[in-house]
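1. starting from these lines, generate the structure:
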Amino acid sequence: MNAYIDIAPNVAEALATGVPVVALESTIISHGFPYPANVECAREAERVARDAGAIPATVAVVSGRPTIGLTDEQIEHFGTSPGIAKASRRDIAMLAAREQDGATTVAATMLIAAMAGIRVFATGGIGGVHRGAQETFDISADLVELSRTDVAVVCAGAKSVLDIGLTLEFLETHGVPVLGYRTDEFPAFYTRTSGFGVDARVESAEEIAAFLRAKRALALGGGAVIANPIPETYEMDPEMLGTVIQTALAESDEQGFHGKDVTPFLLARIHALTGGASEEANKQLVYSNVRLAAQVASAL
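-> Sure, this is the predicted structure:
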């Protein structure tokens, strides 16, 4: 495995000496925001992790090599280079064989982080069951990865454009615990509530760490979702957001987007339709998730 994977020296040292490490994804750099907001967000997320006591390990596939811990120059490359592939689990081997770059999704970041022994990962929101999946079978690989890879994913719930009820049903069926950090309700990315509950409420990073230790000691495989609502100051108006999402979904259908191209299109349209307000909300929820993930990694 080491013939294919690169681990940044500071990340390797942290793992070897027991310093907390938090994995971060790279799709948010290549496919989440326009430049320069994407690079600024990635750098700020790493700073937040450090300030909270953890080493950040941004994950990507660099010239075919799964890489754990990007340099500042690599972050700039992923933020400015057009055509970088959006890489999930199924794409990693082909990118390695062809020595190509790939920006890792939640699923791919979980997988690569687990290879290095990183147990906590912070992202914006997980993928899930898309609306209309009863006909399209469009279900994110993130959910399947959560069912089999032992990494805790700190997120602001599932993206608002998804069918959150069916997403939670899928996670329940596959035995993935969903914890709510200081909330009884599953958050919906831009909003703090969704109308759906969580499996258990937790009040502290230490309580989350105790849960993760018990889960591993009992040999209960798979990951866990740690749902951390967007900070109240940055929450978007649910009614306005609902209207915007319906408009974006209709445009997506009209233009024939499907599969992994749907979410980037929807997020871009929501950004445009909200006059950029969704971008700031997205950034702030990422930073909040990174901070909590660093605290959980420290408690572990």
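2. center of the chain, which residue is that?
-> residue 123 (3.0 Å; Cα atoms, centre = their mean).
3. cross-check the contact I'm expecting between that one and residue 109.
-> Yes. At 7.3 Å, residue 123 counts as touching residue 109 under the criterion of Cβ atoms under 8 Å. All C-beta spots, glycine's among them, are computed from the backbone N, C-alpha and C.
4. who touches both of the two?
-> Common neighbours of residue 123 and residue 109, counting by Cβ atoms under 8 Å, 6 or more residues apart in numbering, are 24, 25.
5. which residues in the longest helix anywhere in the chain does the neighbour count mark as buried?
-> Counting residues, the longest helix in the chain under DSSP state H turns out to be helix 277-299. For helix 277-299, the neighbour count (16 or more other Cβ atoms under 10 Å) marks 277-279, 281-299 as buried.
6. which parts of the stretch 201-300 of the chain are strands?
-> Along the stretch 201-300 of the chain, counting by DSSP state E, counting those that start in this stretch, strands occupy 224-227.
7. for the stretch 51-200 of the chain, that is, sorry about that
-> All strands of the stretch 51-200 of the chain, identified by DSSP E, counting those that start in this stretch, fall at 55-62, 65-68, 85-87, 102-104, 120-122, 152-155, 178-181, 200-202.
8. then the first one to PDB, C-alphas only?
-> Extracted in PDB, the C-alpha atoms of strand 55-62 (Å, rounded to 0.1, in the frame of the first residue of the first chain):
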ATOM      1  CA  ILE A  55      -3.000  18.600  12.700                       C
ATOM      2  CA  PRO A  56      -5.100  19.100   9.500                       C
ATOM      3  CA  ALA A  57      -4.700  16.400   6.800                       C
ATOM      4  CA  THR A  58      -6.300  17.500   3.600                       C
ATOM      5  CA  VAL A  59      -6.800  14.500   1.300                       C
ATOM      6  CA  ALA A  60      -6.600  14.300  -2.500                       C
ATOM      7  CA  VAL A  61      -5.200  12.100  -5.200                       C
ATOM      8  CA  VAL A  62      -2.100  13.900  -6.600                       C
END
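9. just the angle between that strand and helix 277-299, please?
-> Relative orientation of strand 55-62 versus helix 277-299 (axes from the mean of the first three to the mean of the last three Cα atoms, to 10 degrees): 120 degrees.
10. what about residue 198, neighbour count?
-> Other residues near residue 198 come to 22 when the count uses other Cβ atoms under 10 Å.
11. got a list of what it touches?
-> Going by Cβ under 8 Å, 6+ apart, residue 198 touches 178, 179, 180, 183, 184, 185, 186, 227.
12. for ChimeraX, what selects the buried ones among the residues you listed?
-> Selection of buried members from the contacts of residue 198 for ChimeraX, criterion 16+ other Cβ under 10 Å:
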select :178,179,180,183,185,186,227
